[in-house]
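Asker: Following is a predicted model, sequence given first.
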Amino acid sequence: MGYLLEVRDLTVTMRVRAHTRPVVQGISFGVNAGEALGLVGESGCGKTMTLKALIGILPTGTRIASGSIWYDGTCVADATSSAGLRRLRGNGIGLVFQDSTSALDPVMRVGQQISEGLRRHQGLSRRAAGAEAVETLRRLGLPNPALHVVQFPHELSGGMRQRAMLGMATACRPRVLLCDEPTTALDVTSQRRVLELIGQIQRSEGMALIFVSHDLAVIAETCTQVAVMYRGQIIERGAVADVFSSPMHTYTHGLLGAVPDIESDNPGLLAIPGEIPGAVVQIAGCQFHPRCALAEDRCKTGEFPLQKVAPDRESACIRASDVTRLGTGGRPGD
Amino acid sequence: MIATVAGPASRRGQRLAAAVTRTPTLSTGVVMLAGLLAVAVLAPVLTSYPPDHQYIGDMLVAPSGAHWLGTDELGRDIWSRVAYGTRTDLEIACAAVAVSLAIGTALGLLAGYVGRIVDTVIMRCVDFVMAFPFYVLIIALVFVLGSGSASILLALISVGWVSYARIVRGEVRLAVTRPYVAAARMTGLSSIRVLIRHILPNAISQAVVYAMSDVLNVILAIVTLGFLGLGVQPPTPEWGAMIGEGSAFLTTRWGIATFPALAVVLTGLAFSLVGDGIAQRLQGD
Amino acid sequence: MRRFLDYFGRRLVSALVTLFGITLVVFLLIHLIPGDPARTLLGPHATAGELAAVHREWGLNRPIWVQYGLYMSRLLRGDFGTSLFYRVPVSQLVLQRLLPTLLLMMFGAVLALVLALPLAAVAASLKGRIADQVIRLLSLAGLGIPSVWIGIVLVLLVAIRANLLPVAGYGTSVPAHLESLILPSLTIAIGMFPTLTRSLRVGLIAVLDSDYIASARARGLSAWRVLVRHGMRNAIAPTVTVLGLNIGYLVGSTVAIETIFALPGIGTLMVQAVLSRDFPIVQGVAIVYGILVLAVNLGTDLVHTALDPQLELT
């Protein structure tokens, strides 16, 4: 298939006290240059862990249990080794964090945090790297880059910090950019600006983008493809426009229904019944069946991998086609 | 940590026991402490000789069947002295910490809850005492009060209460801002009841954790004073004095000084484990 | 800079208030001793005339706040009383003996950090693994080792058996001074470093768990750079704080250690004074120790503040 970055049947486990539990279970997807894939789901669904696995900064106690990660046709990480991934960190793959306040070293000047990556991966001298850092900030729209490079993170506004972080992640021109909820901590105006910048960078560099968010509107705007995650698994995948207009999994349907639609006649919000079961709870069969309006007996046992349900659409639900007939709650009739 | 609601004593006891066994740190520490207490209480049973009887002719004997840890330069059985020394050191240390805890908690509650002048005065006193290095103040007080167990106890308490006052006051100030306190007051509970039932449990748990490390420091202080000759007076067996006496014989009978030191280390380990264990339990909840 | 000076000013004022408190506590000490303070001051061989002189000078029959005022004015003049035993002004004795104590404290603290920091770093970065557990256990056990015992054992092993370093004393030349400070500093360091290791480990773990460390790793920086440049730099501030918290212990432990190694510092002076009932010295040295701790706390506070770029606003 020839993806630039591809994940094959990846399972990541976390060790808590004496138990090991999976936080990501058997997921597979891929992105190509110039494409943008969104990963959506509620907190705890494993989307951030997926990103961390992709760039190789899994925290202590978590590890790749099985599956593999491929970059440009070569396997760079699997359960036995992540040597290839180490070489790509910051260089072939970049990561933009959610909270720029905590992701920037408070005792190091902003410019230095950008240039240290350049010096490491491209062997630039201190002066050259410094100049490049200034250029990076200028490209990202900071009005006075020469001033900002010598400032400390707390001296910049939230929006500027976010752009500085973008600069840090993209300084070495990685071919793949991972974004972990980059707009969540920002006000609406800054959100807009950051999204524009990301889009701009992606287009000009032709990067592959993997965008994690729980904000469906942002995903809709930024991405071409989307994968919906629930309890560590991908339960639906397809083109953003298709999935969001006619979901083929009850969970996705629920997620969409929970978004207030300013144009809709029906002001009600559709809440997904129940709550996400705690991580240690084991659920047999389809992970979502306890909360699913369409659940049947056969949903309670067995495996529910993604199945192709339409051209370029996949869903883990065995009643995918019935989902479109569910009540809408907040949208004009489907 | 919200205080556990009061229930019948047996259920609380069961829950306590369950909590202890679940944390290996805590259970190890408790077991060690129990062992130490046993030695202290059962010293007469566990030893074959009185601790201050000098067996002239049997001086500086190596550990043997008759004298498990050997004898010192005056022919006294070392194991006896170490065992009885457990009484001396533990008694003073536990008394000092318990009283400091009580006084400090009371003053801390007062300062934190009443606030303003009372708070300022009490905390200033705390600051003044804390300005001195612990040992210096203790030594100065021992000078003033004379040497001996009672003076050491008094000195330790005079200096020890400040830490508890500070901790408890801090916790009280924090708790007072919490919603559950406002809620309790709104249901018409009197101030004292609010204080005791809602604020105290939280505040005291922090103080108890600190107390465990405090016991260790207090024991070290007693030992150091004993070593310097300023503390418990002979012939009462005391670990520090034993270390001091044994220092001259390190080359020949290193046991005289080392066994009491070992006792101190084990005691310290026991209390530290208990303290760490309690802290772990509090965090885990 | 302005903010820094503001802060410095405030801390200085606070320190002065505490200093006032220190003198108050020490002043009260003499009144806790049963009997005539003048006799305590002058010893059992004082003549009636001498006693009367002290009564006048100290205003012992006047209200207590007047006495305190007189006491403070004496202190401010540098009059800390006269030693009963040595018959010279206490201030003179203290000044003569201050240097060895200060050096001991400094070397002890530095050595303790040198021992504790690497161990804490290893434990923090390998958190949860065997090395961490071992270090934690050893630190826990080490908390209870009496430093006096460490001292005498070191003397035995290094000075007596191996004959590498002097057993006791201070020597007469600067190299001899430094040589004789090695073992006592080491004793203090070994006594202090379990506590330091534990605190530093916690501080370092907090640093290593932060997002900016993850961010640094995500940029592919070498493990060394992440740990040292990003981790350690941020850990300095809490380290300084921890050191400050332990300073009371550091200063206090010098008292006993000086005695073991017969160092002519203010610690030995104090212990001797207690044993010979020489109150003026006890009083004077107590105040000096209080000032020392105050100065060190102020110092660490300032260093901490200076290191924090958030206060560097121009």
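Answerer: Sure thing, it's come through. Numbers count the residues shown, from 1 in each chain, chains lettered A, B, ... in the order given.

Asker: close to chain B, is stretch C:134-144?
Answerer: Yes. Interface with chain B: stretch C:134-144 contributes C:Leu140, C:Ala141, C:Leu143, C:Gly144 (Cβ under 8 Å from any Cβ of the partner chain). All C-beta spots, glycine's among them, are computed from the backbone N, C-alpha and C.

Asker: Now that stretch: buried residues?
Answerer: Neighbour counts using 16 or more other Cβ atoms under 10 Å in any protein chain shown place C:Ile135, C:Arg136, C:Ser139, C:Leu140, C:Ala141, C:Gly142, C:Leu143, C:Gly144 of stretch C:134-144 among the buried residues.

Asker: and which of the residues you listed is nearest B:Ser48?
Answerer: Comparing these against B:Ser48 with Cβ to Cβ places C:Gly144 closest, at 27.5 Å.

Asker: Setting aside sequence neighbours, what's the nearest residue to the closest one?
Answerer: Using Cβ to Cβ, 6 or more residues apart in numbering or on different chains and skipping the chain neighbours, the partner closest in space to C:Gly144 is B:Gly268 (1.9 Å).

Asker: what residues are up against A:Ile219?
Answerer: A:Gly38, A:Val40, A:Phe211, A:Ser213, A:Val226, A:Val240 (Cβ atoms under 8 Å, 6 or more residues apart in numbering or on different chains).

Asker: ok, so what distance separates A:Glu35 from A:Thr224?
Answerer: Distance of A:Glu35 to A:Thr224, given as Cβ to Cβ, to the nearest Å: 6 Å.

Asker: More neighbours: which of these two?
Answerer: Taking neighbours as other Cβ atoms under 10 Å in any protein chain shown, A:Glu35 and A:Thr224 compare with A:Glu35 leading, 19 against 14.

Asker: got a list of what that one touches?
Answerer: A:Ala208, A:Leu209, A:Thr224, A:Gln225 are the contacts of A:Glu35 under Cβ under 8 Å, 6+ apart.

Asker: distance of C:Pro146 from chain A?
Answerer: C:Pro146 sits 36 Å away from chain A when distances are taken as Cβ to the nearest Cβ, to the nearest Å.

Asker: same question but for B:Asp77, I mixed them up
Answerer: For B:Asp77 relative to chain A (Cβ to the nearest Cβ), the value is 47 Å.

Asker: show me what contacts that residue?
Answerer: Residues counted as contacts of B:Asp77 (Cβ under 8 Å, 6+ apart) are B:Thr47, B:Ser48, B:Tyr49, B:Pro51, B:His53, B:Tyr55, B:His67, B:Leu69, B:Thr71.

Asker: Tell me how far the residue of the stretch 151-300 of chain A found nearest chain C lies from chain B.
Answerer: Chain C sits closest to A:Phe152 of the stretch 151-300 of chain A, with a gap of 4.7 Å, by Cβ to the nearest Cβ. Using Cβ to the nearest Cβ, we find A:Phe152 at a distance of 31 Å from chain B.

Asker: pretty sure B:Pro50 is in a helix, no?
Answerer: No. With DSSP: H, G, I helix; E, B strand; the rest coil as the criterion, B:Pro50 is located in coil rather than a helix.

Asker: what number of residues lie near the closest residue in space to it that isn't next to it in sequence?
Answerer: In space, B:Pro50 comes closest to B:Ser80 once its chain neighbours are excluded; the distance is 6.7 Å by Cβ to Cβ, 6+ apart. Neighbour count of B:Ser80, defined by other Cβ under 10 Å: 24.

Asker: so what does the helix or strand containing B:Ser80 touch, helix or strand wise?
Answerer: Of the helices and strands defined by DSSP states H and E, B:Ser80 is found in helix B:78-114. Judged by 3 or more Cβ pairs under 8 Å, 6 or more residues apart in numbering or on different chains; DSSP states H and E, helix B:78-114 is in contact with helix B:24-41, helix B:43-46, helix B:116-130, helix B:149-176, helix B:200-228, helix B:239-246, helix B:255-284.

Asker: Determine which stretch of those helices is the most buried.
Answerer: Each of the helices and strands packed on helix B:78-114 was scored by mean neighbour count; the highest is helix B:239-246, a mean of 26, by mean count of other Cβ atoms under 10 Å in any protein chain shown.

Asker: so who does residue 115 touch?
Answerer: Just going to use chain A. Counting by Cβ under 8 Å, 6+ apart, A:Ser115 makes contact with A:Leu124, A:Arg126, A:Ala129, A:Gly130, A:Glu132, A:Ala133, A:Ala171.

Asker: Wait, chain C was what I had in mind.
Answerer: C:Ala189, C:Ile190, C:Phe193, C:Leu196, C:Thr197.

Asker: These in helices, which ones?
Answerer: Those of those mapping onto helices are C:Ala189, C:Ile190, C:Phe193, C:Leu196, C:Thr197, per DSSP state H.

Asker: Out of the residues you listed, who's the most crowded?
Answerer: Of those, with other Cβ under 10 Å as the count, C:Thr197 tops at 27 neighbours.

Asker: what sits against that one?
Answerer: Here C:Thr197 is in contact with C:Leu115, C:Ala116, C:Leu119, C:Ala120, C:Ala123, C:Ile135, C:Ser139 (Cβ under 8 Å, 6+ apart).

Asker: could you measure it against A:Ala18, distance?
Answerer: From C:Thr197 to A:Ala18 the distance is 27 Å (Cβ to Cβ).

Asker: Might you report the residue contacts of residue 125?
Answerer: I'll assume chain A. A:Arg119.

Asker: oops, chain C please
Answerer: C:Leu204, C:Leu208, C:Leu227.

Asker: Out of the residues you listed, which is nearest to chain A?
Answerer: Nearest to chain A among the contacts of C:Ser125, counting by Cβ to the nearest Cβ, is C:Leu208 at 9.3 Å.

Asker: tell me the contacts of that closest one?
Answerer: C:Ala124, C:Ser125, C:Lys127, C:Leu227, C:Gly231.

Asker: got it, and C:Leu138?
Answerer: Residues near C:Leu138 by Cβ under 8 Å, 6+ apart: C:Pro194.

Asker: which residues touch C:Tyr212?
Answerer: So C:Tyr212 contacts A:Ser102, A:Ala103, A:Leu104, A:Asp105, A:Pro106, C:His230, C:Asn234 (Cβ under 8 Å, 6+ apart).

Asker: Lovely, talk soon.
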